[in-house]
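J.: build me a model:
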Amino acid sequence: MNINELLTLGEQYSKKELSKILRESNLELIREGVYSCKESSSYLLFVDLEKNNKEERFHFNDFFEGDYFHWDSQTKQNIDSPKIQSILSGDLSVYLFVRISQKIKSITQPFVYMGQLEYLEHDPKTSNPVHIIFGSMDYDDFTSNSLLKEIYDWKPSKIGKSSSTSISKEGHISERRQINYSKPSKTEYVQKQFQNSSEWKEVKHLSDEIFNFIRESRTIEKINQVNKPGTSSSVIQSVFTPKLEELGFSSEKQNLFRDYELFLRPDFYKKIGTKTGVIIEVERGKTNINNMDFLDFWKCHICNGVNYLFLFVPKVLLQNQKHIEKWEKNKTGQSPYLTTNKHIEPFFREENYTNVRGVVLFGY
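T.: Predicted structure coming up:
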């Protein structure tokens, strides 16, 4: 049984709900922080980050440090305990469920599903409990999910506590995380009343075709070759042009802003159905510095016969040598993709709806 196929990363689940989804009747009855599945070789970790009303022996040693997860085993477990040995050997598949607090205003809180873990190392000086460092196989630097971000960012110091672990992963960037930095991403926003419409289905189909193209290894290689300081957005745009033209997009379409005394053209345009259309804008270093993402949204807002926007932005800012050096050193830097998500998301809360019915954000 692949738990990742049954659960959604970043969604909340009670043990009762999990008991039904995973067909584990005993799961809803357990009070411990671990559960060994009867129907598979899965081992579930249930973690409360804040240890309110718990004994001092429950230290604040459970937290994320980048895509590494620190975890203290049960206090009765040592390195020779059968379950711990099965974790170390990889015989058990480990899945993580986390909540900040057990209760809020006396109401028991559900757990957030954080994905699958992979054993990396343990502190040999620890026993009863054993302190283990896992790699998070589903860690998402570019998530817009507030529940995931809150748990990723939580540290014992936020509540005036400290961890007793002697192992630190601060500044360590795992190979998996480095690979994810360069993998394309996509976020879709659509107004509720258009989610099941024929026009959105066509828009979504186009976005899927484009995203599949962007994820091809040869496309990624071409993007990496030109995504360098001094490169204009038009050079990046040229990587996507053949595929967009194949899908029926036209470049630099004129007369879409004829009602305004403005010299504006979209990078690409395609008509959708008989009454609407989609424009594409490709950005690079100035995405957020000059608020080009807001300008692109505004262009879609005033564009004749257009209600959808595809926006291409860098996942990591590589605009000058300083950005390059920071990226090469530790694979971190500013993320226009993350920032643009923060800018676009509020427009798709019902109270803020405009005539822009949907936006698809591509991170390259």
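J.: which residues in the stretch 1-150 of the chain form helices?
T.: With DSSP state H, counting those that start in this stretch, the ranges of helices along the stretch 1-150 of the chain come out as 3-6, 15-21, 82-89, 146-153.
J.: check the stretch 251-364 of the chain too.
T.: Counting by DSSP H, counting those that start in this stretch, the stretch 251-364 of the chain has helices at residues 292-302, 321-330, 336-344.
J.: would you mark the buried spots in the last one?
T.: By 16 or more other Cβ atoms under 10 Å, the buried positions in helix 336-344 come out as Pro336, Tyr337, Leu338, Thr339, Thr340, Asn341, His343, Ile344. Placement of C-beta: from N, CA and C, glycine included.
J.: for the fourth one, which non-adjacent residue is closest in space?
T.: The one in question is Thr339. Asn288 (4.7 Å; Cβ to Cβ, 6 or more residues apart in numbering).
J.: same question for the last one.
T.: Taking Cβ to Cβ, 6+ apart as the measure, Ile344 lies nearest to Val359, with 5.4 Å between them; neighbours along the chain are not counted.
J.: that neighbour bridge partners, please.
T.: Tyr189, Leu309 (DSSP bridges).
J.: so it sits against Leu311, correct?
T.: Yes: using Cβ atoms under 8 Å, Val359 is in contact with Leu311, at 6.4 Å.
J.: for the residue nearest to Ile344, report the pLDDT, please.
T.: The model reports Val359 with a pLDDT of 98.
J.: Glu5 too?
T.: On the pLDDT scale, Glu5 is placed at 91.
J.: returning to what we had before: from Gly90, how far out is the residue nearest to Ile344?
T.: Taking Cβ to Cβ, to the nearest Å as the measure, Val359 falls 41 Å from Gly90.
J.: ok, those two, which is more surrounded?
T.: Taking other Cβ atoms under 10 Å, Val359 and Gly90 do not tie; Val359 has more neighbours (25 against 11).
J.: circling back: ok, now which ones touch the residue nearest to Ile344?
T.: Contacts for Val359 (Cβ atoms under 8 Å, 6 or more residues apart in numbering) come out as Glu188, Tyr189, Phe297, Cys300, Tyr308, Leu309, Phe310, Leu311, Ile344, Phe347, Phe348.
J.: for the fifth one, give me its contacts.
T.: Right, Tyr308. Tyr308 makes contact with 199, 203, 272, 276-279, 300, 356-360 under the criterion Cβ under 8 Å, 6+ apart.
J.: could you do the third one as well?
T.: When contacts are counted by Cβ under 8 Å, 6+ apart, Phe297 touches Leu309, Leu311, His343, Ile344, Phe347, Val356, Val359.
J.: including distance to Ser42, could the residues you listed go into CSV?
T.: Converted to CSV, the contacts of Phe297 look like this (distance: Cβ to Cβ, whole Å):
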residue, distance to Ser42
Leu309, 41
Leu311, 39
His343, 39
Ile344, 36
Phe347, 40
Val356, 43
Val359, 37
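J.: not counting sequence-adjacent ones, nearest residue to Ile79?
T.: Nearest non-adjacent residue to Ile79 (Cβ to Cβ, 6+ apart): Val130, at 5.5 Å.
J.: count the neighbours of the one you found for me.
T.: Neighbours around Val130, by other Cβ under 10 Å: 22.
J.: next: Lys76.
T.: Using other Cβ under 10 Å, Lys76 has 8 neighbouring residues.
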